[in-house]
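Enquirer: Would you be able to build a 3D model of this:
(one chain, ligands or ions: 1)
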Amino acid sequence: MRATPELNRDAIMVQFVGVENAIKLISSIGVEPFLTGLADYIDEDFRRWEQFEKSPRIASHSRDGVIELMPASDGVTYSFKYVNGHPQNPLDGRQTVTAFGVLANVATGYPDFVSEMTLMTALRTAATSAVAARYLARPDAKVMAIIGQGAQSEFQALAFKAILGITRLQVFDIDPAASEKFARNMAGYDLEITVADSAQSAVIGADIVTTITADKKRSVILSDNMVGSGMHINAVGGDCPGKTELHADILKRGKVFVELPEQTRIEGEIQQMPEDFPVTELWRVITGLDMGRTGSSDITIFDSVGFATEDFSVLRYLRDKVQETEHFIDLDLLAEPTDPRDLFGLIGARQQHPDRLSA
Ligand SMILES: NC(=O)c1ccc[n+]([C@@H]2O[C@H](COP(=O)([O-])OP(=O)(O)OC[C@H]3O[C@@H](n4cnc5c(N)ncnc54)[C@H](O)[C@@H]3O)[C@@H](O)[C@H]2O)c1
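Expert: Okay, here's the model as predicted:
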């Protein structure tokens with residue numbers, strides 16, 4: 001008699017880190033140590049840039065925002081992230097950016113790890129910014145201006161403190177409530193914080209300027225006269241076609257560093273420039289193939305748009321970290337019968353023995 005097909009329960013469970021478990025994990029490690037450890041993974045993956053299969057993300061634009069898929073593979077592990085960007089969402093009490101991501105085994109094609117990535121995107125974006133600044137900012141940088149105190153801003157502040165040793169922040173947002181929220185959240189983190197009344201006054205005396213505003217248009221958050229010699233600009237908010245933060249003259253004066261040029265030319269600050277505008281790839285600076293800053297008066301610009309290998313890095317880091325804890329659940333994501341060809345048998349078995357699969 002033919003055996004009744006069963007679910008191969010051990011083989012099919014996929015680890016899942018949801019928002020609550022992500023919060024528990026980050027809290028147990030501490031935000032700053034989490035960012036520092038993550039920066040090492042990001043740095044490590046930039047160093048093996050050439051091993052990755054890379055492509056610009058696939059973007060679906062609509063009137064109010066964008067939904068994107070971001071894949072990467074190192075030949076052993078494949079990852080992708082689903083992420084949106086909807087600058088008007090906060091007006092309805094929603095996040096501008098939300099995301100989730102997956103790691104899969106290239107050999108079998110099976111997904112084996114799934115995570116929330118709204119928090120992870122904020123963490124990986126901040127850690128990537130700080131990694132870039134470690135190679136591009138002046139080594140004695142202590143003061144950072146942050147323009148935009150939305151969801152990403154505190155993560156940026158703590159990454160620059162933990163990874164670069166920034167001690168003072170000068171912040172500005174067009175919405176004073178956002179700056180108040182920022183100052184409240186950062187109290188107790190041993191950072192000296194000044195809330196400025198304009199972007200212009202926030203950048204005075206800053207060694208590093210982070211722009212992290214959200215607006216689906218060509219904005220001028222920084223104009224050329226606001227940028228002094230020796231400054232490092234971490235331009236994070238301009239990450240979509242038609243969405244920029246820097247005046248084009250700044251790009252002409254400084255040296256521009258990018259993640260994947262094909263993606264940044266579409267989405268970054270350099271979308272304002274001709275297609276052959278010279279840029280340096282960050283991985284080449286990290287590996288020593290190209291020069292970053294050449295002197296204390298250089299203006300360096302990290303034209304950050306966020307790249308899929310950074311999501312790969314944070315998923316890899318999270319998966320490693322979570323193994324030492326109970327901060328995940330098993331997800332019943334894959335239908336795998338004991339006989340791989342008998343997928344239908346799973347349904348047939350349920351009809352004949354309704355109790356079998358719910359046991
Ligand atoms: N490069 C990357 O890897 C990456 C990753 C994540 C998010 N982002 C981008 O970063 C931006 C910020 O994301 P968020 O989640 O913090 O958004 P958010 O909507 O939570 O916050 C944006 C903040 O910018 C402020 N703002 C808008 N215009 C301003 C202006 N002219 N001057 C000063 N402040 C201004 C708003 O008042 C708000 O507080 C978004 O554009 C997002 O797409 C980029």
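
Enquirer: use CA for all of it now, contacts and neighbours both
Expert: Fine.

Enquirer: Can stretch 31-44 be said to contact the ligand?
Expert: No: with Cα under 6 Å from any ligand atom as the threshold, stretch 31-44 lies outside contact range of the ligand, at a closest distance of 12.9 Å.

Enquirer: Please list the residues outside that stretch that contact it.
Expert: Contact partners of stretch 31-44, identified using Cα atoms under 8 Å, 6 or more residues apart in numbering, comprise 26, 123-124, 127-128, 130-131, 158-159, 162-163, 286, 309-310, 313-314, 317.

Enquirer: where does this protein come near the ligand, residue by residue?
Expert: Proximity of the chain to the ligand (Cα under 6 Å from any ligand atom) is limited to residues 85, 87, 96-97, 122, 125, 147-153, 172-175, 178, 212-215, 221, 236-239, 304-306.

Enquirer: quick one, what contacts the residue of the stretch 1-150 of the chain found nearest the ligand?
Expert: The ligand sits closest to residue 150 of the stretch 1-150 of the chain, with a gap of 3.1 Å, by Cα to the nearest ligand atom. Taking Cα under 8 Å, 6+ apart as the criterion, residue 150 is in contact with 178, 212, 213.

Enquirer: Would you mind checking the residues of the chain next to the ligand for buried ones?
Expert: Buried subset of those (neighbour count, 16 or more other Cα atoms under 10 Å): 85, 87, 96-97, 122, 125, 147-153, 172-173, 178, 212-215, 221, 236-239, 304-306.

Enquirer: Which of the contacts of stretch 31-44 fall in helices?
Expert: When DSSP state H is applied, these are split such that 26, 123-124, 127-128, 130-131, 158-159, 286, 309-310, 313-314, 317 fall in helices.

Enquirer: In strands, which of the residues of the chain next to the ligand fall?
Expert: Taking DSSP state E, the ones among the residues of the chain next to the ligand that sit in strands are 85, 147, 172, 221.

Enquirer: want to throw these into JSON lines with distance to residue 38 and pLDDT?
Expert: JSON lines is the format used below for these (distance: Cα to Cα, whole Å; pLDDT from 0 to 100):
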{"residue": "85", "distance to residue 38": "23", "pLDDT": "93"}
{"residue": "147", "distance to residue 38": "24", "pLDDT": "98"}
{"residue": "172", "distance to residue 38": "27", "pLDDT": "98"}
{"residue": "221", "distance to residue 38": "29", "pLDDT": "96"}
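
Enquirer: farthest pair in those?
Expert: 85 and 172 (21.6 Å; Cα to Cα).

Enquirer: And the contacts of residue 150, which is closest to the ligand?
Expert: Nearest to the ligand among those: residue 213, at 3.4 Å, using Cα to the nearest ligand atom.

Enquirer: what's the closest non-adjacent residue to the closest one?
Expert: Spatial nearest neighbour of residue 213, excluding adjacent residues (Cα to Cα, 6 or more residues apart in numbering): residue 148 at 4.6 Å.

Enquirer: what are the phi and psi values for that neighbour?
Expert: Residue 148 has phi and psi values of phi 110, psi 110 when expressed as degrees, to the nearest 10.
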